[in-house]
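1. my questions concern the predicted model and sequence given below.
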Amino acid sequence: MSSVLARRGGHRSRGGRSADLVVVGGGAAGLAAARAARRRGRSVVLVHDGPLGGDCTFTGCVPSKALLEAAARGLDWDEAMGAVRRAVATVAAAEDEAVLRSEGVVLVEGRARLAGPGAVEVGGTRLEARGVVLATGSRPAVPPVPGLDRVRFLTNETVWALPTRPARLGILGGGPVGCELAQAFARLGSAVTLVEAAERPLPREEPEASAAAVAALGAAGVALRLGCSARSVEAGAVPGGIVLTLSSGVPVELDALLVAVGRRPDVLGLGLEEAGVAVDERGYVVADRHLQTSRRGVFVAGDAAGSLQLTHAADEMGRIAAANALAIRPWRRFDTSAIPWVTFTDPEIARVGLREDAAGRGARVAWLPMSEVDRAVAAGRTDGFVKLVAGPRRGLENVGGGRLLGATIVAPRAGEMIQELALALRTGMFPARLALAPHAYPTWSVAIQQAAGQFFAEVGGRRARPARAERPGRQGDQATRADGAA
């Protein structure tokens, strides 16, 4: 390795090997950091203890979206899982060891441990660098439900190994993972029960978006148990079966149980405390706005930082962390305000920036149902809406529409539509530009132009209204299906 590093700007240190940057973790954040350093002509050692590509490629984004697409096309279980395997293999091939080595990244397989300023140990080998980027990712969180440890439950990491489709699937957690897989499995023919402790699924989204999720899941036949939790889990009478008892005392018989209640940082064995790297009460690595930890020269990126646990956020963080680790002084900042996220149910639910209830004084809201968008009418997909939140601009108040603060879209192509609004947020664009820019007709994005126009005039009988605080309705511990009946 030392000769390779020497040709690329690295050098050999006493008792070990060194490079300009050591990256720990081969997921989205780690790959982005390593490639960013190589683009700067710097030597990089990437330490990984699993397949390159990480959770997103093998157990997260890629397989879940492939399953959703397969289910939407009406494929059966075997065909759907075949489509999942092919998608994973194709994406993984673009980031395997041969590809990374051809790009000049030196790979070391093993579990890393911080070993002092600018030093990492892997299997007895000491690696020294100007900077270190921790990008170790996260793992599924497991709630302390009595009996859960005595049954074979699934997570997003193990669900892809199912040999057959479970006839009755229970899902703990109504976040994006829970909602996406609930809809996919229901469309594939499973009887799905989704349990969420909050009063609504996707509780971080706008209430209207949660209501859209309830409707979409109900249409697929998913039974929702909202405002309740799991009291206990035990083996069922049928071999391999599971009985999930809810907080209401209602037992639910299942063939499989998927736990999707969140993530926890994968930092075990890194030696953070000994190295002086602080973590918060949840175990996530604490960092400043430059992604530098409490130990100078050590940066963090991706899920381990406890910020937005999204692949595109991890990619952004990886590039920023690498740039700052290689700079004389860190200067690039990671800003979450304009990073969009999407729940890939059908219809999709996308958001960027602030929700209405966090917009503050003087904020206004433009609302447009998809039933008033010609493309949605033509497609026969009028469920959904566009919601834009804008506030007064300092010194200009509402001139030009003020300042865009956030947006939520529920539509079949919401994930694509939200990008225009993410760009508007990132660049500080006046909402007037969204309203005045010609949009191709009839496209889904015309809805953004129509909604933005409400900040200046009445459009189709609608005008922007003052923002108000969230007042979600109580849905309780009940089963909600397509007809809305308990």
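-> Yes, it's here. All figures in this text were calculated on a predicted structure; none of them were measured in a lab.

2. CA atoms only for stretch 318-325, dumped as PDB, please.
-> C-alpha atoms of stretch 318-325 as PDB (Å, rounded to 0.1, in the frame of the first residue of the first chain):
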ATOM      1  CA  GLY A 318     -19.300  13.400   2.800                       C
ATOM      2  CA  ARG A 319     -18.100  16.000   0.300                       C
ATOM      3  CA  ILE A 320     -18.200  18.800   2.800                       C
ATOM      4  CA  ALA A 321     -16.400  16.800   5.500                       C
ATOM      5  CA  ALA A 322     -13.700  15.800   3.100                       C
ATOM      6  CA  ALA A 323     -13.200  19.300   1.800                       C
ATOM      7  CA  ASN A 324     -13.000  20.700   5.400                       C
ATOM      8  CA  ALA A 325     -10.700  17.900   6.600                       C
END
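
3. for that stretch, give me every contacting residue.
-> 21, 23, 28-34, 36-37, 40, 130-133, 135, 290-292, 297, 299-302, 330-334 (C-beta atoms under 8 Å, 6 or more residues apart in numbering). To be clear about C-beta, it is placed using only N, CA and C from the backbone, and glycine gets the same treatment.

4. hmm, try it at 6 Å
-> 21, 29, 32-33, 36-37, 131, 133, 290-291, 299, 301, 330, 332, 334 (C-beta atoms under 6 Å, 6 or more residues apart in numbering).

5. which of these fall in strands?
-> Among those, DSSP state E puts 21, 131, 133, 299 in strands.

6. distance to residue 156 and neighbour count added to the residues you listed, as CSV?
-> Compiled in CSV, the ones in strands among the contacts of stretch 318-325 are given as follows (distance: C-beta to C-beta, whole Å; neighbours: other C-beta atoms under 10 Å):
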residue, distance to residue 156, neighbour count
21, 30, 27
131, 31, 26
133, 24, 33
299, 27, 31
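
7. which helix or strand contains the closest residue to residue 216 other than its chain neighbours?
-> Leaving out its chain neighbours, the residue that sits closest to residue 216 by C-beta to C-beta, 6 or more residues apart in numbering is residue 345, at 5.3 Å. Using DSSP states H and E, residue 345 maps to neither a helix nor a strand.

8. contacting residues around residue 345?
-> Contacts of residue 345 (C-beta under 6 Å, 6+ apart): 179, 180, 183, 216.

9. for residue 74, state which of those is nearest.
-> residue 183 (13.7 Å; C-beta to C-beta).

10. hmm, who's touching the host helix or strand of that closest one?
-> Of the helices and strands defined by DSSP H and E, residue 183 is found in helix 176-187. With C-beta under 6 Å, 6+ apart as the test, helix 176-187 has contacts from 64, 67-68, 71, 156, 169, 171, 192, 194, 201, 213, 217, 220-222, 260, 343-345.

11. mind checking which of the residues you listed are in strands?
-> Using DSSP E, the contacts of helix 176-187 in strands are 169, 171, 192, 194, 343.

12. and the nearest residue to residue 432 once chain neighbours are set aside, how many neighbours?
-> The shortest distance from residue 432 to any residue other than its chain neighbours is 4.3 Å, reached at residue 400 (C-beta to C-beta, 6+ apart). Using other C-beta atoms under 10 Å, residue 400 is surrounded by 18 other residues.

13. could you pull up phi and psi at the residue nearest to residue 216?
-> As for residue 345, its main-chain torsions (degrees, to the nearest 10) stand at phi -70, psi 180.

14. with residue 465 instead?
-> The phi and psi values for residue 465, taken as degrees, to the nearest 10, are phi -110, psi 160.

15. tell me the bridge partners for it.
-> residue 365 (DSSP bridges).

16. okay, it: pLDDT?
-> For residue 465, the pLDDT comes out at 96.

17. about what we covered before: tell me which two of the contacts of residue 345 sit farthest apart.
-> 180 and 216 (10.6 Å).

18. now do the helices in the stretch 1-150 of the chain.
-> 2-7, 28-39, 54-58, 61-72, 77-92, 97-102 (DSSP state H, counting those that start in this stretch).

19. could I get the average pLDDT for the fifth one?
-> Summarised as a single mean, pLDDT over helix 77-92 is 96.

20. can you check the second one too?
-> Per-residue pLDDT over helix 28-39 has a mean of 97.

21. mind showing which ranges of the chain have poor pLDDT?
-> 1-17, 470-486 (pLDDT under 70).

22. spatially nearest residue to the residue nearest to the spatial centre of the chain (excluding sequence neighbours)?
-> Of all residues in the chain, the one closest to the mean position by C-alpha atoms, centre = their mean is residue 310, 3.2 Å from it. Leaving aside its sequence neighbours, residue 310 sits nearest to residue 341 (C-beta to C-beta, 6+ apart; 5.5 Å).

23. equivalent analysis for residue 196, please.
-> Among residues not flanking residue 196 along the chain, residue 174 sits closest, at 3.0 Å (C-beta to C-beta, 6+ apart).

24. my read is that neighbour is in a strand, agree?
-> No - counting by DSSP: H, G, I helix; E, B strand; the rest coil, one finds residue 174 to be coil, located in no strand.

25. which residues touch it?
-> 194, 196, 201.

26. among residue 180 and residue 216, which residue is more densely surrounded?
-> Taking other C-beta under 10 Å, residue 180 and residue 216 do not tie; residue 216 has more neighbours (24 against 20).

27. what's the separation between that one and residue 183?
-> 7 Å (C-beta to C-beta, to the nearest Å).

28. do residue 131 as well
-> As defined by C-beta to C-beta, residue 131 lies at a distance of 42 Å from residue 183.

29. ok, residue 127 next?
-> Per C-beta to C-beta, residue 127 is found 44 Å from residue 183.

30. these two: which is more packed in?
-> Using other C-beta under 10 Å, the more surrounded residue of residue 127 and residue 183 is residue 183, with 27 against 24.

31. ok, back up a step: as JSON lines, the ones in strands among the contacts of stretch 318-325 with distance to residue 277 would be great.
-> Shown next, in JSON lines, are the ones in strands among the contacts of stretch 318-325 (distance: C-beta to C-beta, whole Å):
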{"residue": "21", "distance to residue 277": "17"}
{"residue": "131", "distance to residue 277": "14"}
{"residue": "133", "distance to residue 277": "12"}
{"residue": "299", "distance to residue 277": "10"}
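
32. which one of those is nearest residue 95?
-> Nearest member of the ones in strands among the contacts of stretch 318-325 to residue 95, counting by C-beta to C-beta, is residue 133, at 16.8 Å.

33. am I right that that closest one is in contact with residue 34?
-> No - with contact defined as C-beta atoms under 6 Å, residue 133 does not count as touching residue 34 (8.4 Å).

34. tell me, what's touching those two both at once?
-> With C-beta under 6 Å, 6+ apart as the test, residue 133 and residue 34 both reach residue 23.

35. from residue 44, how far out is residue 101?
-> To residue 44, residue 101 is 11 Å away according to C-beta to C-beta.

36. higher neighbour count, those two?
-> residue 44 (30 against 12).

37. bridged to that one, which residues?
-> residue 21, residue 105.

38. list the residues that contact it.
-> When contacts are counted by C-beta under 6 Å, 6+ apart, residue 44 touches 19, 21, 34, 37, 38, 105.

39. same question, residue 62
-> Contacts of residue 62 (C-beta under 6 Å, 6+ apart): 87, 88, 91.

40. same check on residue 201?
-> 174, 179, 210, 213.
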